[in-house]
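Student: Quick one, what's the 3D model for this:
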Amino acid sequence: MHLKRRRVLLAEEDGRLRAAISAELTLAGFDVVSAADSVHALAALETDGVDLALIDAQNSNGGAFDLCAQMRSQPKLRNVPVVFLSGSAEGIVQRFTERLSDAVGGNYCLPIPRQIRKLSAMVRRAMDMSASE
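Tutor: Purely as a prediction, here's the structure:
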């Protein structure tokens, strides 16, 4: 029996981090659609169905939260879980990111783990939690 691989959109502007996260998620059994910014991410979302969107909350153009708001306004993308990734694990930046995530309809806000291998487990948990809601 062949199981369908779950597809993840990864919107991360840092090319090295995007490649590392993409490689880890691929090794963990996910199909990854990568985008360097919110414009390319939205285009990918409109053409490639995804099961979850991982979005860099601290991108330089501030488009992460706009991307989530645009997703929530489109019937086809409205129910795709959104996980914001934050480079700050604690402090005011994380709390601010979490509040913005809630305001635009993000499902979760996760700190980018120092060990990227932990991220695939976090993604799997976020998908499972969204499926049970």
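
Student: so the nearest residue to residue 12 once chain neighbours are set aside is in which element?
Tutor: Take residue 12 and drop its neighbours on the chain: the residue closest to it by Cβ to Cβ, 6 or more residues apart in numbering is residue 18, 4.1 Å away. From N, CA and C alone the C-beta is placed, and that goes for glycine too. Using DSSP states H and E, residue 18 maps to helix 15-27.

Student: Packing partners of that helix?
Tutor: Secondary-structure packing of helix 15-27 (3 or more Cβ pairs under 8 Å, 6 or more residues apart in numbering; DSSP states H and E): strand 7-11, strand 31-35, helix 117-132.

Student: closest to residue 66 out of those?
Tutor: strand 7-11 (11.4 Å; Cβ to Cβ).

Student: Identify each buried residue in the closest one, please.
Tutor: Going by neighbour count (16 or more other Cβ atoms under 10 Å), the buried part of strand 7-11 is 8-11.

Student: and which of the residues you listed is nearest residue 46?
Tutor: residue 9 (10.9 Å).

Student: In this structure that closest one contacts residue 56, no?
Tutor: No - using Cβ atoms under 8 Å, residue 9 is not in contact with residue 56; the gap is 11.4 Å.

Student: Could you count how many residues lie near residue 43?
Tutor: Residue crowding around residue 43 was assessed by other Cβ atoms under 10 Å; the count is 11.

Student: Equivalent analysis for residue 124, please.
Tutor: 16.

Student: Let's see the pLDDT reported for residue 114.
Tutor: The model reports residue 114 with a pLDDT of 63.

Student: my bad, residue 36
Tutor: Taking residue 36 on its own, its pLDDT is 90.

Student: Count the neighbours of it for me.
Tutor: Here the number of neighbours of residue 36 (other Cβ under 10 Å) works out to 16.

Student: can you pull the contacts of it?
Tutor: Applying Cβ atoms under 8 Å, 6 or more residues apart in numbering to residue 36 gives the contacts 11-13, 15, 18.
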